[in-house]
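Participant: Any chance you could fold what I've pasted below:
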Amino acid sequence: MRAGPIAGWRRRGLHGLILTAAVALPGSQAEAQSSPTPRPATPTFGSTNPSSATGAGSTGGPTLRGSGPSGDASTGAASPSEGAVSQTDDGSAGTPARRRSLAPVARPATSAGNNRNPTDLLRLRAIPPRRFGVATTRPVRSIVQTPPPDLRLTPVIRNAVVGAPLPTPSPAPPPAPSLTLLPLAGIGTPGAFLGAALRRPLVVDEAYAPLGIKLGTFTFLPVFQQSVGYDTNPDQITANRAKGSLALRTEGELAFRSDWSSHELAGELRGGYLDFPDNQAASRPNGAGTVRLRLDANRSTTVDVETRFLVETQRPGSPDINATLSNRPIVASYGTTIGVTETFNRLQVSLRGLIDRSEFESATLSNGAILNQSDRNLNQYGLRLRASYEISPVISPFVDVLADTRVYDLRTDSNGIRRNSDGITVTGGARVALTRFVSGEVSAGLQHRTYVDPGLKDLTAPIVNAALIWTASPLTTVRLNAATGIIETAVAGSSGVLTKAVTLEVQHDLLRNLSITLGGGYLASDYDRVNITERGFSATARLDYRFNRWLSMRGSYIYQQIDSSSAGSSFSANTWLLGLRVTP
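Facilitator: Numbers count the residues shown, from 1 in each chain. Next up is the predicted model:
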């Protein structure tokens, strides 16, 4: 029969409930210890086993600790003979004894005869049930007890700011209008053509690219380089009069770019001085620079403003001088371009006005006389119209028309010739972007010049321009530049000089911080109506090793040769330089 509740339990209050629960608890715990599968603990005030109410164990049933010989009051542990399910005399299974009992937990030993003390019972009920599974102490400890990193000691790597490449003082087609300076201004020096490959900037891995200096909304990339070497022919004169010298090269560069949300102001400036302690007359400066401003009027209209300059020197054996010099006269050219570009869907039309000025320094002859070259100073005014249509992102053909006029400061030169002229150049080509491997621009056309003086013959020459970059592999880059044009001359009886220049460079990265560059150049100059031709060759080799972002070492070699039909104009030279570059 089922045991009923203890009489008067309502009047006993909380103390009676605790005593009643203590009576049923030991039997349930003994049964739970032998049960193979733990079940959720449920408190009860009664037992389903009739014998548990009287504290006497039936045959094969559980026995309360401390109430029979099988109990061990000193240890509080149940006898191993206790079963999980009570059985009757006929062997049939009885009702499970822990159906609504508390979960099994380990209890501390007590000195009392039983563990029905209310304090022990409350402590027992407060202990959470034991969890089965893999211990989580070590994983939790490894996460919680690991100190966080100190952010003040963590290096912050910024993306390298890569500006537009520095201009080279050699003719090149758009999209770099500043590089068309020489044929537009009507001047030309072989050193500018043949030495261009030596000064062209490298493609640097981002891990070693300079970070630049942030000032306001501008990022500046300054460079300072000091080199020492040797030049076998610093004067660039015939071999029988050549005098070698120690070479000291000091140069600085500055590239900057704005960080505006719209519009842009960017520039590249470079200047240097080549000093020859053993031959001071051959010491000379050079430099080039471009500053560009782009104003975004609206989504389809932009206004472009560009200023540029070039500083070079004339070699003593130039046919335009035809005299023995004791110094190298400076040639300076500077100008500006203002233009508007309008985009009509895929059609783009641009109109630009150009103004350039060229000035020649007076030369000092070997006998001390002064050769005045002010009659070669000139201004050039031009208007360029260009229309391109984007067939696809891969190719955009265009047509370019340039009309210009060249006006000299003096009405006639030292030979009494009026050299003012008007010219028109028509070219057609395409801008290509064959995936990421080949990109650039190629164009071809004709240039025609008409001279004011009737004694000068009109000139018509084919024009071929190219500026291509081929990424042969992630480690190898090939650059091809070609340009042609008609430049001015001071040779009597000649209308102008038809000039062709081609440069080819191959840059290969041996390591992320070690690059080698090999290049070659070819120059051809044909003087109109006079028997003067010049052919020039150059070969360059450059090795760049970058210690880190701000310090690198550069070793370079350049070979130059000019073969001229004019007496005393041919020369050859070898130059070695080794220096350090600082890019803060």
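
Participant: I'd say Thr460 and Leu446 touch.
Facilitator: Yes: using Cβ atoms under 8 Å, Thr460 makes contact with Leu446 at a distance of 6.4 Å. Quick note: C-beta positions are derived from backbone N, CA and C, even for glycine.

Participant: so Ser362 makes contact with Arg376?
Facilitator: No: if you go by Cβ under 8 Å, Ser362 and Arg376 don't touch, sitting 10.4 Å apart.

Participant: Among those two, which residue is more densely surrounded?
Facilitator: Arg376 (22 against 12; other Cβ atoms under 10 Å).

Participant: separation between the more buried one and Phe360?
Facilitator: Arg376 is 5 Å from Phe360, where distance means Cβ to Cβ, to the nearest Å.

Participant: Tell me, please, where in this structure the pLDDT is lower than the cut-off.
Facilitator: Within the chain, the set of residues satisfying pLDDT under 70 comprises 1-202.

Participant: The same query, at a cut-off of 50, please.
Facilitator: For the chain, residues meeting the criterion pLDDT under 50 lie at 1-3, 8-9, 12, 27-115, 140-185, 196-198.

Participant: hey, what's Arg546 bridged with?
Facilitator: When bridges are called by DSSP bridges, Arg546 pairs up with Ser552.

Participant: wait, what's in contact with it?
Facilitator: By Cβ atoms under 8 Å, 6 or more residues apart in numbering, Arg546 lies in contact with Val204, Tyr208, Asn513, Leu514, Ser552.

Participant: One more: Thr336?
Facilitator: Val305, Glu306, Thr307, Arg308, Leu354, Ile355.

Participant: pretty sure it belongs to a strand, no?
Facilitator: Yes: according to DSSP: H, G, I helix; E, B strand; the rest coil, Thr336 belongs to a strand.

Participant: Check the spacing between it and Arg308 real quick.
Facilitator: To Arg308, Thr336 is 7 Å away according to Cβ to Cβ.

Participant: next one: Val349
Facilitator: 23 Å.

Participant: Need the residues that contact the helix or strand where Arg357 lies.
Facilitator: Assessed by DSSP states H and E, Arg357 sits inside strand 347-360. Contacts to strand 347-360, defined as Cβ under 8 Å, 6+ apart, come from residues 177, 181, 184-187, 304, 314, 329, 331-342, 373-374, 376-390, 404.

Participant: in its sheet, what does it sit against?
Facilitator: When DSSP bridges is applied, strand 347-360 pairs with strand 330-344 (antiparallel), strand 378-389 (antiparallel).

Participant: would you turn those into JSON lines with distance to Ser421?
Facilitator: What follows is the strands paired with strand 347-360, written out as JSON lines (distance: least, Cβ to Cβ, whole Å):
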{"stretch": "strand 330-344", "distance to Ser421": "17"}
{"stretch": "strand 378-389", "distance to Ser421": "10"}
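
Participant: Tell me which of those approaches Asn367 most closely.
Facilitator: With Cβ to Cβ as the criterion, Asn367 lies closest to strand 330-344 of the strands paired with strand 347-360, at 20.8 Å.

Participant: which parts of that closest one are buried?
Facilitator: Across strand 330-344, burial judged by 16 or more other Cβ atoms under 10 Å covers Ile330, Val331, Ala332, Ser333, Tyr334, Gly335, Thr337, Gly339, Thr341, Thr343.

Participant: from what I can see the fifth one touches Leu310, true?
Facilitator: In this case it means Tyr334. Yes: using Cβ under 8 Å, Tyr334 is in contact with Leu310, at 7.3 Å.

Participant: before we move on, the earlier item: which one of Val349 and Arg308 has more residues nearby?
Facilitator: Arg308 (25 against 14).

Participant: and the gap between the more buried one and Ile486?
Facilitator: Distance from Arg308 to Ile486, by Cβ to Cβ: 20 Å.

Participant: that older thread, check the contacts of Arg546 and tell me the two furthest apart.
Facilitator: Farthest pair in these (Cβ to Cβ) is Val204 and Leu514. Separation: 11.4 Å.

Participant: ok, Gln226 - contacts?
Facilitator: With Cβ under 8 Å, 6+ apart, Gln226 has these contacts: Leu248, Arg249, Thr250, Gly579, Leu580.

Participant: Need the phi and psi values for the last one.
Facilitator: In this entry, Leu580 is assigned phi and psi values of phi -110, psi 140 (degrees, to the nearest 10).

Participant: before we move on, what about the third one?
Facilitator: Per-residue torsions, Thr250: phi -120, psi 130 (degrees, to the nearest 10).

Participant: right, and it touches Tyr273 too?
Facilitator: Yes: the pair Thr250 / Tyr273 is scored as a contact, 5.3 Å apart, by Cβ under 8 Å.

Participant: what about the helices in the chain?
Facilitator: Assigned by DSSP state H, the chain shows helices spanning 9-34, 50-54, 118-126, 137-144, 181-185, 190-194, 196-199.

Participant: Neighbours of Val401, how many?
Facilitator: For Val401, the number of neighbouring residues by other Cβ under 10 Å comes to 15.

Participant: Same check on Leu510?
Facilitator: 11.

Participant: hang on, the earlier thing: which one of Val204 and Leu514 has more residues nearby?
Facilitator: Taking neighbours as other Cβ under 10 Å, Val204 and Leu514 compare with Val204 leading, 20 against 15.

Participant: Okay, the more buried one and Val399: tell me how far apart.
Facilitator: 36 Å.

Participant: ok, now Ala247?
Facilitator: Separation of Ala247 from Val399 (Cβ to Cβ): 46 Å.

Participant: what about the two, which has more around it?
Facilitator: Legend: neighbour count by other Cβ under 10 Å for Ala247 and Val399, higher for Ala247 (23 against 15).

Participant: Let's see stretch 396-416 as CSV, backbone CA atoms only.
Facilitator: The C-alpha trace of stretch 396-416 is given here as CSV (Å, rounded to 0.1, in the frame of the first residue of the first chain):
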residue,chain,number,x,y,z
SER,A,396,39.8,52.8,-77.4
PRO,A,397,40.8,54.2,-80.8
PHE,A,398,41.4,57.9,-81.1
VAL,A,399,42.2,60.7,-83.6
ASP,A,400,44.6,63.5,-82.5
VAL,A,401,45.1,66.8,-84.3
LEU,A,402,47.8,69.3,-83.2
ALA,A,403,48.2,72.8,-84.7
ASP,A,404,51.2,74.9,-83.5
THR,A,405,53.3,77.9,-84.3
ARG,A,406,56.9,78.6,-83.3
VAL,A,407,57.9,82.2,-82.9
TYR,A,408,61.5,83.2,-82.2
ASP,A,409,62.5,86.2,-80.0
LEU,A,410,64.6,87.7,-82.8
ARG,A,411,63.4,88.2,-86.3
THR,A,412,66.4,86.5,-87.9
ASP,A,413,69.1,84.3,-86.5
SER,A,414,72.9,84.8,-86.7
ASN,A,415,72.8,83.6,-90.3
GLY,A,416,70.0,86.0,-91.3
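
Participant: can you give me phi and psi for the residue lying closest to Arg418 once chain neighbours are set aside?
Facilitator: Using Cβ to Cβ, 6 or more residues apart in numbering and skipping the chain neighbours, the partner closest in space to Arg418 is Asp453 (4.1 Å). With angles defined as degrees, to the nearest 10, Asp453 shows backbone torsions of phi -70, psi 130.

Participant: Which one of the contacts of Thr336 sits in the busiest neighbourhood?
Facilitator: Counting neighbours by other Cβ under 10 Å, Arg308 comes out on top of the contacts of Thr336 with 25 neighbours.

Participant: so it touches Gly287, yeah?
Facilitator: No: with contact defined as Cβ under 8 Å, Arg308 does not reach Gly287; the gap is 11.3 Å.
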